[in-house]
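> With the sequence up front, the predicted model follows.
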Amino acid sequence: MTFMWPQFLWLLLAVPLLVVVYVWLLRRKKKLVLRYASLVIVKQAVGAGMSWRRHLPPALFLLAIAALLIAASRPLAVIALPANQSTIILAIDVSLSMAATDVKPNRMIAAQVAARAFLKELPKNVKVAIVTFAGSAQLVQPATLNREDLLAAIDKFQMQRGTAIGSGIVVSLAELFPDEGIDLGEMTYGQRRAGIGNDETRKTRKKEAIPVAPGSLESAAILLLTDGRRTTGVDTQEAAKMAADHGVRVYSVGLGTIDGQVMGFEGMSIYMRLDEVSLKEVARTTQAEYFYAGTAETLKTVYEKLSSRMVVEKKEVEISGLLALAAAVVAIASVALSLRWFHPLL
C-alpha cells in the first residue's frame, strides 16, 4: 500500500496519546471508587461481564479515529477490477516453420487449437480481430463479436515463406486506429512505392497521433505469437515503439525452438530459431509480458492466462473513501453499544 499524502501519517501518533489519556482516566476513576466501604458492593453494582464491555466502545471509537487518519493520507492499493478492453488483436505467425512437429502435432495446429480456446474464454462483449504474418502481414478477420467468423478465419490459415513480425504489429495497429491512415506499404517501401507520392494524396493523409504513455490504452491489446525471428518487413522494435506511442500493450508469445535447427519442408531447408531477445523487448517496450511456449499444452496454458488477465486487470486505486466509510460504521457501532449497555433507558 502506498500513500498520496504520506505526511498525514504523522497524525497517527495521536492514537497512542489517546490510549494514554484513556488509561489515565480509568486510574483516576479507580481512585474515586476506592472511597467506597466495600469493593464487593461495587462489583455487584457493575455486574458480571461488564469489565470487558466498558472497554469495547472506546476501543472501537479509537479504531475509527485511526482509520480516518489513514484515510486522510489518501492510501492507494492494487486491486483486481474488470478490464475495459473492448478489442483484442490476435497476430499469428504463419511462416513455413510453423509446420515443424516439435510441438505436437505441429506448431500451426497447436496455435490454432490455443486460439480457439482463447476465444472460448473471452467474454462475448470483447471484439477480436485476426492478423496473420509471414513474408507480409494481412488482416484476415476485422474486429468482430461473431465467434463463428473468427473460428472460420483460424481454420483457413495458409503458411508462407518469411517472417515479418514488425509488419504484423503495424497491421494490428492499423485495425485498432483506422482513422490514422497507418500504411504498411509506406513504412516498408517508402512513399513512392506505396503510391502516395503526389501532393494531393498527401493532403488527404491523417495527422500523426500524439504519443501517449506506454501501456496506457485500456480498451485494446495485441497478442503476438511467433516461432521465429524477423526476416523481412518493418523492423520489429520500430513497430513496438509505434505500439507503445499508441499506449497499446503487445503480449508476445514465443513458440518452438530457442537454439535453432534446420527443418526440411517441401524440398526446402528452413532454419528455425526463436528470437526471444526481440520478443522480450517488444513486451518491455509496450509495458506487457513475454511468454515462452515449448509445447502445445504450455501454449494453451499461456493463452488461458492471457485470457484471464485481459478480462480482469490489477489497478492501483485510492481507497480513502472506503476507509472513511469503514470508520463511520465502526464509530456508529461504538456509540450504539455504549447507549445499549450503559444507558438502557435512552
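Cool, the structure landed.

> for the stretch 101-250 of the chain, what spans make up the helices?
Along the stretch 101-250 of the chain, counting by DSSP state H, counting those that start in this stretch, helices occupy 107-121, 147-155, 165-176, 184-189, 199-204, 236-245.

> Format these as a markdown table; extra columns: mean neighbour count and distance to residue 99.
The way it works is simple: take the backbone N, C-alpha and C, and place the C-beta from them, glycine included. A markdown table is the format used below for those (neighbours: other C-beta atoms under 10 Å; distance: least, C-beta to C-beta, whole Å):
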| stretch | mean neighbour count | distance to residue 99 |
| --- | --- | --- |
| helix 107-121 | 20 | 6 |
| helix 147-155 | 16 | 16 |
| helix 165-176 | 26 | 18 |
| helix 184-189 | 17 | 25 |
| helix 199-204 | 8 | 40 |
| helix 236-245 | 22 | 22 |
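
> was I right about residue 157 contacting residue 90?
No: using C-beta atoms under 8 Å, residue 157 is not in contact with residue 90, being 11.1 Å away.

> Mind checking which of these two has more residues around it?
A side-by-side neighbour count of residue 157 and residue 90, using other C-beta atoms under 10 Å, places residue 90 first with 24 against 20.

> Identify all contacting residues around the strand or helix carrying the more buried one.
Residue 90 belongs to strand 87-93 when assigned by DSSP states H and E. Strand 87-93 is contacted by residues 111, 115, 118, 122, 126-134, 137, 143, 157, 163, 165, 168-169, 171-172, 175-176, 219-228, 255, 310 when judged by C-beta atoms under 8 Å, 6 or more residues apart in numbering.

> And it, how far out from the chain middle?
Centroid separation between strand 87-93 and its chain, computed with C-alpha atoms, centre = their mean, to the nearest Å, is 17 Å.

> Sheet partners, orientation included, of it?
Partners of strand 87-93 in the sheet, by DSSP bridges, are strand 127-133 (parallel), strand 220-226 (parallel).

> Low-confidence bits of this protein, can you list those?
Within the chain, the segments meeting pLDDT under 70 span 29-50, 79-85, 191-208, 259-272, 309-315, 343-346.

> Sketch out the strands for it, chain order is fine.
2-3, 75-82, 87-93, 127-133, 137-144, 220-226, 249-255, 261-265, 268-272, 290-293, 312-318 (DSSP state E).

> Can you redo these as TSV, where the extra columns are distance to residue 14?
Below are the strands of the chain laid out as TSV (distance: least, C-beta to C-beta, whole Å):
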stretch	distance to residue 14
strand 2-3	17
strand 75-82	18
strand 87-93	50
strand 127-133	53
strand 137-144	56
strand 220-226	47
strand 249-255	44
strand 261-265	69
strand 268-272	67
strand 290-293	49
strand 312-318	23
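
> Which of these sits closest to residue 185?
strand 137-144 (11.0 Å; C-beta to C-beta).

> quick one: contacts of the closest one?
Here strand 137-144 makes contact (C-beta under 8 Å, 6+ apart) with 87, 89, 91, 127-132, 149-150, 153, 156-157, 164, 167-168, 170-171, 174-175, 184, 233.

> again, only this time at 7 Å
By C-beta atoms under 7 Å, 6 or more residues apart in numbering, the surrounding residues in contact with strand 137-144 are 87, 127-132, 149-150, 153, 164, 167-168, 170-171, 175, 184, 233.

> Centre of the chain to it, how far?
24 Å.

> go on, stretch 251-258?
For stretch 251-258 - counting by C-alpha atoms, centre = their mean - the centre lies 21 Å from the chain centre.

> For it, buried residues please.
Of the residues in stretch 251-258, 251-257 count as buried by neighbour count, 16 or more other C-beta atoms under 10 Å.

> Any chance of those residues in TSV with distance to residue 103 as columns?
Shown next, in TSV, are those (distance: C-beta to C-beta, whole Å):
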residue	distance to residue 103
251	19
252	17
253	12
254	11
255	6
256	6
257	9
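
> I'd like to know which of those residues is nearest to residue 304.
Among these, residue 253 lies closest to residue 304 (C-beta to C-beta), at 12.0 Å.

> With distance to residue 211 as new columns, can the helices of the stretch 101-250 of the chain be given to me in JSON lines?
Converted to JSON lines, the helices of the stretch 101-250 of the chain look like this (distance: least, C-beta to C-beta, whole Å):
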{"stretch": "helix 107-121", "distance to residue 211": "30"}
{"stretch": "helix 147-155", "distance to residue 211": "31"}
{"stretch": "helix 165-176", "distance to residue 211": "13"}
{"stretch": "helix 184-189", "distance to residue 211": "17"}
{"stretch": "helix 199-204", "distance to residue 211": "22"}
{"stretch": "helix 236-245", "distance to residue 211": "4"}
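
> so which of these gets nearest residue 328?
When the helices of the stretch 101-250 of the chain are compared by C-beta to C-beta, helix 107-121 sits nearest residue 328, at 40.3 Å.

> what's the angle from the closest one to strand 87-93?
Put simply, helix 107-121 runs at 170 degrees to strand 87-93, going by axes from the mean of the first three to the mean of the last three C-alpha atoms, to 10 degrees.

> From the contact counts, what lies against helix 107-121?
Contacting helix 107-121 under the criterion 3 or more C-beta pairs under 7 Å, 6 or more residues apart in numbering; DSSP states H and E are the following elements: strand 87-93, helix 147-155, helix 296-311.
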